[in-house]
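J.: Just the structure for this:
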Amino acid sequence: MPSPSATRGEAVRRRLVAAAVELIPERGWTAVSTRVLAERADVTPSVVHYHFSSVQAVLVEAVLGAMRAVSAELGPVLAAASTAEEVVDAMVAAVEQYTGTDPMSLLFVEGYLASTRDTTLRAGIAAVLADLRGVLGDRLRQFGVVDPDGTAVVLGAAIDGLLMHRAVAPDTTPAGVAGVLRRIL
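T.: Purely as a prediction, here's the structure:
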């Protein structure tokens, strides 16, 4: 059983990460400072650096945690599909809730951009994508899709790109391109 101080420390870490998840889409990656993060988490600035080596480390943990959570939600959705076409439809349906300008979409876009300058974040995102592609490729393989791993890469990139396009072209909807994505199979 963890000690009371360890439990409190973990609660503070969770608050800091949750604050970062809120602040990154609101302000942008580079505008999240120690002071702003501490205010949102209702702690003193020194507490941020007690629990994390830097603000950047909090932001990285926040983005990777959110990406892992969204990716994990897709596993059961993909498992429920009974054809390769239903796999595509399930992916499309899963992203329908994201507009490209909603907080989660913005968090991901900010994370992708920051990963171009942060090797730890880039490696973390690459690992999340590799895991998701593995699950998707395995599912496509079960349905006899030719080159299931390559198809998983293309489908994943298409869905990510579609979300980014929705931010600037809201009339671009996942459902509107589902037929095109099904033809990739």
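J.: my read: residue 84 touches residue 145, true?
T.: Yes: checked against CB atoms under 8 Å, the pair residue 84 and residue 145 is within contact range at 5.1 Å. C-beta coordinates here come from the backbone N, C-alpha and C atoms, glycine included.
J.: what is in contact with the two at once?
T.: For the pair residue 84 and residue 145, residues contacting each of them under the criterion CB atoms under 8 Å, 6 or more residues apart in numbering are residue 185.
J.: pLDDT weak spots in the chain?
T.: Per-residue confidence for the chain (pLDDT under 70) gives these ranges: 6.
J.: just the helices in it please.
T.: With DSSP state H applied, the chain shows helices at 4-27, 34-41, 45-51, 55-79, 84-95, 103-115, 119-142, 148-168, 174-184, listed in chain order.
J.: Find the residue at the geometric middle of the chain.
T.: Computing the C-alpha centroid of the chain and ranking residues by CA atoms, centre = their mean puts residue 67 first, at 2.5 Å.
J.: What count of nearby residues applies to the residue nearest to that one when sequence neighbours are not counted?
T.: On the basis of CB to CB, 6 or more residues apart in numbering, the spatially nearest residue to residue 67 that is not a chain neighbour turns out to be residue 128, at 4.6 Å. Residues within reach of residue 128, counting by other CB atoms under 10 Å, total 20.
J.: quick one: contacts for residue 128?
T.: Under the criterion of CB under 8 Å, 6+ apart, the neighbours of residue 128 are 64, 67, 68, 71.
J.: From residue 3, how far out is it?
T.: Here the criterion is CB to CB, to the nearest Å. By it, residue 128 lies 32 Å from residue 3.
J.: now residue 164
T.: Computed as CB to CB, the residue 164 to residue 3 distance reads 44 Å.
J.: Between these two, point out the one with more neighbours.
T.: When neighbours are counted by other CB under 10 Å, residue 164 comes out ahead of the other of residue 164 and residue 3, with 15 against 8.
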